[in-house]
Structures are given as structure tokens and as C-alpha cells.
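Colleague: A predicted structure for the sequence below; I have some questions about it.
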Amino acid sequence: MTSSSLDPREMHRLGQGVQEAGKALAGCASQVRAILAAVQLSHPGVTAIDRAARWLTEQAPDLYRRRDLA
């Protein structure tokens, strides 16, 4: 049996936080995109926000796997 310094409860909280942050960031990108579209503008920064949101959301399963291994 191996010993892990990871606390499964804290890893779970981290996974949840990362997942929620990704969803919140995606929501912000949608809102900004809608505001800009209303005034017929766009900005590449919105795409960057979307990418960051996706990246965060994609990290959660890995964090949960690490939790399960702890």
C-alpha cells in the first residue's frame, strides 16, 4: 500500500471549483459576446475566454481521477 499526501476531500473540492469556474467563465464569454453583437462588434479576447473556460472544464475529470487514487 502506498501513502499519498493528497487529501481526497480537498481534491474533490478543487475539482468542483475548477468545474464551476469553467462554467462561470463560459457564461461570461457568452454574455460579453452577446453585448458586443448587440453593437455589431466582436473581439478575439472572447474566444480566448472560451478556450480558458473549456480548459478548466476539461481538467475536472483528471482531478477527480487523482482524488480516487489518493
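Modeller: Here it is on my side, so go on.
Colleague: what comes into contact with stretch 46-54?
Modeller: Stretch 46-54 has contacts (CB atoms under 8 Å, 6 or more residues apart in numbering) with 22, 23, 25, 26, 28, 29, 32, 33, 36. C-beta coordinates here come from the backbone N, C-alpha and C atoms, glycine included.
Colleague: Please pick the buried ones from these.
Modeller: Buried residues within the contacts of stretch 46-54, counting neighbours by 16 or more other CB atoms under 10 Å: 22, 25, 26, 29, 33.
Colleague: Pick out whichever of those residues sits closest to residue 64.
Modeller: Distance to residue 64, by CB to CB, is smallest for residue 22 among those, at 13.6 Å.
Colleague: so the closest one is in which element?
Modeller: In the assignment (DSSP states H and E), residue 22 maps to helix 8-38.
Colleague: Could you list every helix and strand that that helix packs against?
Modeller: helix 44-69 (3 or more CB pairs under 8 Å, 6 or more residues apart in numbering; DSSP states H and E).
Colleague: residues contacting residue 8?
Modeller: By CB under 8 Å, 6+ apart, the residues touching residue 8 are 67, 68, 70.
Colleague: Distance-wise, check residue 23 relative to residue 8.
Modeller: 23 Å (CB to CB, to the nearest Å).
Colleague: burial count for the closest residue to residue 60 other than its chain neighbours?
Modeller: Distances taken as CB to CB, 6 or more residues apart in numbering put residue 19 closest to residue 60, at 4.0 Å, once the chain neighbours are dropped. The local packing of residue 19 (other CB atoms under 10 Å) involves 18 other residues.
Colleague: Check residue 69 too.
Modeller: 11.
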